[in-house]
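S.K.: fold the following for me, if possible:
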Amino acid sequence: MQKDHSVSAPSTPTGRLRHRRRSNEIPSEVSKANGSHLLVDDRSKYRSMLIRAYSSVWMIGGFAFVIYMGHLYILVMVVVIQIFMARELFNLLRRSHEDKQLPGFRLLNWHFFFTAMLFVYGRILSQQLVNTVTSEKILYRLVGGLVKYQMVICYFLYIAGFMWFILTLKKKMYKYQFGQYAWTHMILIVVFTQSAFTVANIFEGIFWFLLPASLIVINDIAAYIFGFFFGRTPLIKLSPKKTWEGFIGASVATIISAFVLANIMGRFQWLTCPKKDLSTGWLHCDPDPLFKPAYYSLPDWVPQWFPWVEISILPVQYHALALGLFASIIAPFGGFFASGFKRAFKIKDFGHSIPGHGGITDRMDCQMVMAVFAYIYHQSFVVPGSYSVEIILDQILRNLTFEEQLALYMKLGHIFQDREIGRH
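M.R.: Okay, the predicted model is just below:
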């Protein structure tokens, strides 16, 4: 009898048939075998578009209302957005099992968050805060002391959190705790870097906050619409629904919008005036030369076809072209970075706060990149030289006490008197 030489597969784990594991950088819904992910081929695209449009209308309406209310309300909006962003990012790597064994560990994260908030906003808004309470001597002294010792206060708050972290280290949980500690500090860098520049832009004039933010919104909407109707050529693998048609169409629309919107926004003083305190209400000031229109006569043939004899252009419109160029070409890479980040953690969205859009962080990815550029561009190419009268006066008011300011005034008076005597 012939022996059966067939051998059954062993039941041990080493003998089991091993299947190739899918890369952890690609979510399952994106790794379908032959599916098309372009919006133009998406069967449910109209339903998604309606949900997205409905949410967009509410967001834009709420944003416009906050802008109308003024600087202080915009600041509050930025703070609320930061808190939601931090909450979404804190929850990204949260593990409920480990957290149950570490009571108070989440509270430590928020301790670092609010310490960073006190440090960043204290540095940016110190002079505005002092100017707000100058009429009250007691408050002025209190606020002056807080401003003077703000760095010391923040440092010891951070040291308290650092000691809290060390004292709560638990055996067999070290890797998780140190990972969360590093994760918390990365979140603080990401969130507060962009927020610091955003708040600084607001108090330089709402214009320098509103225009860059509006250009990102316009670019996002235009890219969605052009990709929705004309998208055929994939742009980047990190974002399967992004297309070259959407990218190019959005770039043209954003640059044109930048030039037009700068002309419209630049004519409202309450948008262009810098804010020196934390009071509410609209502002009135002598417009900066950038916001004073220059008139240009049109060729003789233009009035025959159009009812225009001359056009007015604000000098700031040329700066707006640079902002529009950045918002259309460079800022979208903030979205690509966020897409790669989400793929690394196998998530579709950072949260579910906004129907059709995901979380707050999903909407702020490009805004963060744009806010930093807008501030750097404004300080480099718009703000006058380092030794202008306004900047020197601001430094005197910011860094000197009232007694020191009075002493400086007396010394300047003596210098001017000596010069006047020398002339005669």
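S.K.: against F381, how distant is the spatially most central residue of the chain?
M.R.: To find the centre residue of the chain, average its C-alpha atoms and take the closest one (Cα atoms, centre = their mean): that gives M368, at 3.1 Å. M368 is 21 Å from F381, where distance means Cβ to Cβ, to the nearest Å. Glycine gets a C-beta too; all of them are placed from N, C-alpha and C.
S.K.: can you check I256 too?
M.R.: Distance of I256 to F381, given as Cβ to Cβ: 21 Å.
S.K.: more crowded one of those two?
M.R.: Set side by side, I256 and F381 show unequal neighbour counts under other Cβ atoms under 10 Å, the larger going to I256 at 14 against 9.
S.K.: pretty sure G324 contacts V252?
M.R.: No: using Cβ atoms under 8 Å, G324 is not in contact with V252; the gap is 9.9 Å.
S.K.: neighbour count for those two, which is higher?
M.R.: Each of G324 and V252 had its neighbours counted (other Cβ under 10 Å), and the higher figure belongs to G324 (28 against 13).
S.K.: could I get the full set of strands for the stretch 151-300 of the chain?
M.R.: For the stretch 151-300 of the chain, the strands defined by DSSP state E, counting those that start in this stretch occupy 234-236, 239-243, 294-297.
S.K.: check which helices and strands the first one sits against.
M.R.: I take that to be strand 234-236. If you count contacts as 3 or more Cβ pairs under 8 Å, 6 or more residues apart in numbering; DSSP states H and E, strand 234-236 packs onto strand 239-243, helix 244-265.
S.K.: next structured bit after the lowest-mean-pLDDT helix or strand in the chain?
M.R.: Within the chain, judged by mean pLDDT, DSSP states H and E, the helix or strand with the poorest mean is helix 96-100; its value is a mean of 67. Next along the chain after helix 96-100, taking DSSP states H and E as the criterion, comes helix 105-124.
S.K.: would you mind checking the average pLDDT for that following helix?
M.R.: Predicted confidence along helix 105-124 averages 91 (mean pLDDT).
S.K.: how does the protein divide into domains?
M.R.: Following automatic domain parsing, the chain resolves into domains at 34-386, 387-424.
S.K.: mean pLDDT lowest where, among those domains?
M.R.: Set side by side, the domains of the chain give their lowest mean pLDDT on domain 387-424, at a mean of 80.
S.K.: tell me which of the helices and strands packed on strand 234-236 lies nearest to I81.
M.R.: Counting by Cβ to Cβ, I81 lies closest to helix 244-265 out of the helices and strands packed on strand 234-236; the figure is 21.3 Å.
S.K.: buried residues in the closest one, which are they?
M.R.: Taking 16 or more other Cβ atoms under 10 Å as the neighbour-count basis, helix 244-265 is seen to contain the buried residues 244-251, 253-255, 257-258, 261-263, 265.
S.K.: again with stretch 113-120
M.R.: Using 16+ other Cβ under 10 Å as the test for burial, stretch 113-120 gives F113, T115, A116, M117, L118, F119, V120.
S.K.: what lies in contact with it?
M.R.: Stretch 113-120 has contacts (Cβ atoms under 8 Å, 6 or more residues apart in numbering) with 79, 82, 86, 150-151, 153-154, 157-158, 161, 184, 187-188, 192, 195-196, 199.
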